[in-house]
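In: sequence isn't available, so here's the structure alone:
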């Protein structure tokens, strides 16, 4: 399998848009069955304090020195971009929340082969549903909805399980020179930074996959044929 690693943060609006655009590119890609996707953690603001009592527009205005009107205009623009990708953003409902525990949940999900499902649920919760992604009960509910065990999630959140994995992903991103997310690394040879257009993802996927195939050629055998059964049950 050719690996595609995606560094993202749950509270990054362009990461969700990038996810949809990459998915569209992958859906029409001939070699998609041989692509393995691994989500990696990144935090845009690790020091952010969860505060359900402040709007996301006010938060952005405060940390960036913008006026409230400008913050609203910026989010309106991103909302329009998201709509073009088939997503619904409700910034008026978004809860200002630290994403560290959400990333830990994603790592737990990845352990069970549910990494992509977790990322999708977390993005939807933050941008569309206006849920608090740093709230224990919310994370348990979201995790069980995608097939995780409620008690395992609870035990994870009450400990520091997967904290090191989140920090390792962030350190790895810094080592690779990642300055922003989303950041897509394909076969550790090609990278796409940002929510690029679908055509960019298609082109980069094709280049990376061609190189991967050259590095991993299918074995060729001189076969002596005999009686055998095929996967469809045909025996002769």
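Out: Received the coordinates, thanks. No experiment lies behind these values; they were computed from the predicted model shown.
In: which regions of this protein sit below the pLDDT cut-off?
Out: The chain contains residues with pLDDT under 70 at 219-223, 231-233.
In: can you show me the strands along it?
Out: Using DSSP state E, the strands found in the chain span residues 2-8, 35-41, 183-186, 190-193.
In: if you compare those strands, which one is most tucked away?
Out: Mean neighbours per residue, mean count of other C-beta atoms under 10 Å, is largest over the strands of the chain for strand 183-186, with a mean of 23. (C-beta placed from N, C-alpha, C; glycine too.)
In: about what we covered before: okay, the strands of the chain in TSV with distance to residue 97 next?
Out: TSV is the format used below for these (distance: least, C-beta to C-beta, whole Å):
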stretch	distance to residue 97
strand 2-8	16
strand 35-41	15
strand 183-186	22
strand 190-193	25
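In: those strands: which one's closest to residue 141?
Out: Checking these against residue 141 by C-beta to C-beta gives strand 35-41 as the closest, at 20.3 Å.
In: how about the helices in this structure?
Out: 13-27, 56-64, 68-84, 100-111, 115-124, 136-145, 150-157, 163-176, 198-215 (DSSP state H).
In: just name the most buried of these.
Out: Among the helices of the chain, ranked by average contacts under mean count of other C-beta under 10 Å, first place goes to helix 100-111 (a mean of 23).
In: give me the helices and strands touching that helix, please.
Out: On a contact count with 3 or more C-beta pairs under 8 Å, 6 or more residues apart in numbering; DSSP states H and E, helix 100-111 meets strand 35-41, helix 115-124, helix 136-145, helix 150-157, helix 163-176.
In: of all these, which one comes closest to residue 202?
Out: Nearest of the helices and strands packed on helix 100-111 to residue 202, taken as C-beta to C-beta: strand 35-41 at 12.5 Å.
In: ok so, going back, mind checking which of the helices of the chain is nearest residue 187?
Out: Taking C-beta to C-beta as the criterion, helix 198-215 is the member of the helices of the chain that comes nearest to residue 187, at 4.5 Å.
In: looking at the strands of the chain, which is nearest to residue 129?
Out: Checking the strands of the chain against residue 129 by C-beta to C-beta gives strand 2-8 as the closest, at 18.2 Å.
In: how close does the nearest residue to residue 11 once chain neighbours are set aside sit to residue 76?
Out: Spatial nearest neighbour of residue 11, excluding adjacent residues (C-beta to C-beta, 6 or more residues apart in numbering): residue 99 at 5.2 Å. Computed as C-beta to C-beta, to the nearest Å, the residue 99 to residue 76 distance reads 23 Å.
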